[in-house]
Every structure is written in structure tokens, then in C-alpha cells.
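>>> Sequence unavailable; structure follows:
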């Protein structure tokens, strides 16, 4: 077999096997260098797999040449290819930017970067796993290593935040495992494709419906779906800045990916019969999340916490697209996963730039900072444009698709469009509060003069910003992957 045929396995094995190697690396900066190399290699593999999926369709890989459902199968579909780009890209960008920003002693550096690569391997493993149990295994790997990353900074307030995250994450994983146990009891298989084929022949549907409830609630906890989002604001706020860049771009997206796979593939018979019930459950939660989380973000003074609540609102956009149970709606939701990762990653990178020169990341502490950090603030403004959905940026593309999908829903669709437009105006308000303080407020007397952020961090930040503009002007790749993913999710529904 050629090396190309091994890429699905290498996507997980490269970071996973590099992680224990880091524990043996001695020397300041060498663990970071090895982690960057592994993450960039994983990113290159994700790009190669994306090209293969666009040309050949879904890729299947049988571990040890044991065919499914007897062996472990890895599957790379258009949906998983898009998520792999998000996960590996976010990891690579955050690692490159974090060389001098992640402060830890020489003893803690190998452990921290080993945990980082385990988180990367776990998230990538969730995305390519073809069976429900290995999704759980990789979910636990990514969660446990994420707890280490969040608590690995100098801010001790991260400890209670990560404890809450641990409790909520454990409950979510337990609910998911209970649901999988019920499905296995009724179908006798853990392979998702086999499960999809067998579940239609199950005579007694009540255990399947209970399993659907457990799986949905468990994954909703992991994805910080409103109102199960309480762990997210403090986690993003008190984690090290570059860890927030990594996790905010991809962790909740991976949980949403698993949720959509189960709801639209495994539980499709129930969805086909009760799609109105599915929409009536998901649509109100999505609309409430968009409005309430955006409103809370407006009132926040801490910039990282403000952006954390913004992420909860953006998750609402993704769920709103899914709740429409249509190709264009799902395309909008899936494309928004990619576009929000670009926008929020760039925003948190700009915040990391500010953190190098500003002590507390509060709005009053960035007054007049634009004159001293012009490139940082311009990056923040352009990334904010993408979050708002200004034409010419990536964020506009998915919102435009979402508005188009909503307009097909009659009167309810008009309500959805109004909510989308109102929430975009609310995003203008909370982004403007930072811009107003930085550009139009005077620097407090006695505040020392600061310079621009370190150029390596600034260069990575602007790379992310330019990616938002590039995919806003040329969105063919994410839109094509999103459309193919939506068609696959809906292909068996009547």
C-alpha cells in the first residue's frame, strides 16, 4: 500500500506518537519545536485528505485490514475533512504563535506540549473514527488533555473553571456512553455505518428513543449548546491565551459534528418521522442562544469573556441551520463551523497580541491602545468584521446561506431572518465597544507607553485575518465540502 493510503491513520498517529516522545526531549524550546512539527504535519495530512475527498469522495480505511464491523474503520467524508482542517489548522496556528507566550518552566514544557498533541490526536480521532466506542475513547483523550492545557497557565482562576469543565464534561461523556450502550443492546454493533443499516429493523423503538435522548444531551453538554453552556465562559476566559485560540476554534465544533452525525445518520428513521418535532425542539433553543448570549456579550467588560459568550451565540447559528433539516440549511450550519473558527481564532489571536502589552484584558485597559498597537487593533477590527458578517469576509458567506435557507420557511423564516440581523447588530455593538475604547478614547494619564506586539505573534494573527478575507472572496472549498456533507447527512431521508 502507498503512503497516501495510510493518511487516515497517520492523521491520528502522528500527534499521538509524538506526544510521549516529547517527554524525552531535553532543552529549552525543543518540545515546542517538536510539537509544531507534528501539528504542521497533521495539517498537511488534513489538506491532502481534503483534496482526496474532493476528487474521490468518502475515504474508508480498515485498521489492520480487518473489515468493518469486525475491525476498526476510519472514515473521512467531506464533513470530517472540513473538521480536520479546522482542528489541525487551529492547533498549528496557536502553536506557532505561542512560542514566547506560553510561560512554563523547563520541567513543565514537555508535559504541556505532550498534552497539547494528545488533545490534537483526540479531536482528530473523533472526526475520523467510524465507530461509536472509539469516538468515546478519543473524546476522553481530548477532554483529559484539554483540562491540563486550560489549567497550565499562570492564572489560578483557571482551576475552578477547569473543575467545572471536568464535571460537565464527565456528565456529558457518561450520557453519551449510556446512549451507545442502549443502541448496542438493540443492534449488536458499534460501527456507525452498520448501526445505521440495522437500526431501521429494530422493532422496539423506545430504547432507541431513550438512547437518542442520552446521546443528544451528552453531546450538547460537550458542545456548550444553550442552556448547557455554563462551563464555557470561564474556561475560555482564564485559559492561557493561545490555548483559548486552539480550543475556541475547534473543540465545540467537533462535538457538534458528532451530534449531527448521530441525529442525521444513526437516528434518521426517527428524524424522518418526527422532523417537525426535531425542529420545534432545536429552533427555539438556537434562537434564544443567539439573542441571550449576544446580549450578555454586550454587557461584558472582560474582552475574552465577551468573545466566549459570542461563541455561544455562534453555536446557535450552527444549530439553527441544522434545525431546518434542508440541504441549504445544513450547508449554512456546517460552513459556519469553518467560518466561525476562522473569525474567532483570529479574534483570540488579536487578544493574545493585546495581552503581551496590557495587563488585564478589560475594555478600560485598552483605551487609546490603537495609536501604540495599530496593526494589532486593525487585525481585531477585520476579524470582528468576519464575526459580524460583513461582505467580503468568511462570516458573511455562511450567514448569507443561513438567511437564504430561512427564507424558505415562510413566516417562521422571517422571524429567523430578523433574529439573525438583530444578532449581527448586537455583534457590531460589542465589537464596537472595544474599537471605541482603542481608537476614540484617550490613554489614561500615567499609563506607560507600549509598543506593538512581537512580530511572530503578529504575523500569525494577520495570517488568520487574511484567511478570513480569502475565504470570504473565494469560498468554494468550504462551501463545496459543506454542501457535500449536507447531502450525505440528508440522502437517506425522504
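Now that the structure is in, tell me what you want to look at. Just so it is clear, the structure is predicted and the values come from calculations on it, not from any experiment. Residues are numbered from 1 along each chain as shown.

>>> which regions of the stretch 251-400 of the chain sit below the pLDDT cut-off?
For the stretch 251-400 of the chain, the stretches with pLDDT under 70 are 268-278.

>>> residue boundaries of the helices in it?
268-273, 275-299, 303-323, 327-355, 374-388, 394-406 (DSSP state H, counting those that start in this stretch).

>>> between these, which one is nearest to residue 77?
helix 327-355 (11.3 Å; CB to CB). All C-beta spots, glycine's among them, are computed from the backbone N, C-alpha and C.

>>> now for that closest one, which elements pack on it?
Applying 3 or more CB pairs under 8 Å, 6 or more residues apart in numbering; DSSP states H and E, we find helix 327-355 packed against helix 78-97, helix 241-261, helix 303-323, helix 374-388, helix 394-406, helix 455-473, helix 476-490.

>>> circling back to that earlier point, can you list the helices of the stretch 251-400 of the chain in CSV and add distance to residue 468 and mean neighbour count?
As requested, those are exported to CSV (distance: least, CB to CB, whole Å; neighbours: other CB atoms under 10 Å):
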stretch, distance to residue 468, mean neighbour count
helix 268-273, 33, 17
helix 275-299, 19, 18
helix 303-323, 14, 26
helix 327-355, 5, 27
helix 374-388, 4, 23
helix 394-406, 5, 23
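
>>> Ok, which of those comes nearest residue 38?
Comparing the helices of the stretch 251-400 of the chain by CB to CB, helix 327-355 comes nearest, at 19.3 Å.

>>> and that closest one, how far from the chain's centre?
Helix 327-355 sits 8 Å away from the centroid of its parent chain (CA atoms, centre = their mean, to the nearest Å).

>>> and what of stretch 194-209?
When C-alpha coordinates are averaged (CA atoms, centre = their mean), stretch 194-209 and its chain have centres 30 Å apart.

>>> average pLDDT for it?
Averaging pLDDT along stretch 194-209 gives 75.

>>> Quote the end-to-end distance of it.
18 Å (CA to CA, to the nearest Å).

>>> distance of the spatially most central residue of the chain from residue 322?
By CA atoms, centre = their mean, the chain has its centre lying nearest to residue 250, at 2.4 Å. Counting by CB to CB, to the nearest Å, the gap from residue 250 to residue 322 is 18 Å.

>>> How about residue 375?
Separation of residue 375 from residue 322 (CB to CB): 37 Å.

>>> related to what we said a few turns ago, my read: the residue nearest to the centre of the chain touches residue 93, true?
No. With contacts counted by CB atoms under 8 Å, residue 250 stays clear of residue 93, the gap being 10.8 Å.

>>> mind checking which helix or strand the nearest residue to residue 80 once chain neighbours are set aside is in?
Nearest non-adjacent residue to residue 80, counting by CB to CB, 6 or more residues apart in numbering: residue 127, 4.7 Å away. Residue 127 is part of helix 108-128, with elements assigned from DSSP states H and E.

>>> who touches stretch 429-446?
Stretch 429-446 is contacted from outside by 294, 297-298, 300, 303, 306, 310, 363-364, 366-372, 377, 380-381, 384, 387-388, using CB atoms under 8 Å, 6 or more residues apart in numbering.

>>> Domains in the protein, by residue range?
1-273, 275-494 (automatic domain parsing).

>>> And the helices of the stretch 251-400 of the chain: which comes nearest residue 71?
Relative to residue 71, the nearest member of those by CB to CB is helix 268-273, separated by 24.5 Å.

>>> how close does the closest residue to residue 243 other than its chain neighbours get to residue 406?
Excluding the flanking residues, the one nearest residue 243 by CB to CB, 6+ apart is residue 149, at 4.7 Å. In this view, residue 149 and residue 406 are 37 Å apart by CB to CB.

>>> how about stretch 180-195: buried residues?
In terms of neighbour count (16 or more other CB atoms under 10 Å), stretch 180-195 has its buried residues at 180, 182, 183, 186, 187, 189, 190, 191, 192, 193, 194, 195.

>>> err, stretch 211-220, not the other one
Of the residues in stretch 211-220, 211, 212, 214, 215, 216, 217, 218, 219, 220 count as buried by neighbour count, 16+ other CB under 10 Å.

>>> and if you look at stretch 35-48?
Buried positions in stretch 35-48, judged by neighbour count with 16+ other CB under 10 Å: 35, 36, 38, 39, 40, 41, 42, 43, 45, 46.

>>> Let's see which of the residues you listed end up in helices.
Per DSSP state H, helices hold the following members of these: 35, 36, 38, 39, 40, 41, 42, 43, 45, 46.

>>> Arrange these in CSV, one row each, with distance to residue 20 as further columns.
Output for these, formatted as CSV (distance: CB to CB, whole Å):
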residue, distance to residue 20
35, 12
36, 17
38, 12
39, 16
40, 19
41, 16
42, 16
43, 21
45, 20
46, 22
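
>>> re the thing from before, out of the buried residues of stretch 211-220, name the ones that lie in helices.
211, 212, 214, 215, 216, 217, 218, 219, 220.

>>> Looking at those, which one is closest to residue 463?
Distance to residue 463 across those (CB to CB) is lowest for residue 219, with 31.7 Å.

>>> How about the closest one: what's its closest non-neighbour residue?
Nearest non-adjacent residue to residue 219, counting by CB to CB, 6+ apart: residue 259, 4.1 Å away.

>>> from the buried residues of stretch 180-195, which two are the most distant?
182 and 193 (18.8 Å).

>>> Please list all residues in contact with residue 229.
Taking CB under 8 Å, 6+ apart, we find residue 229 in contact with 289, 293, 312, 315.

>>> From the buried residues of stretch 211-220, pick the one nearest residue 155.
residue 220 (27.9 Å).

>>> Distance from the chain centre to stretch 467-474, please.
Relative to the chain's own centre, stretch 467-474 is displaced by 19 Å; criterion: CA atoms, centre = their mean.

>>> Other residues contacting it?
Identification of contacts with stretch 467-474 by CB under 8 Å, 6+ apart yields 338-339, 342-343, 346, 382-383, 385-386, 391-397, 477-478.
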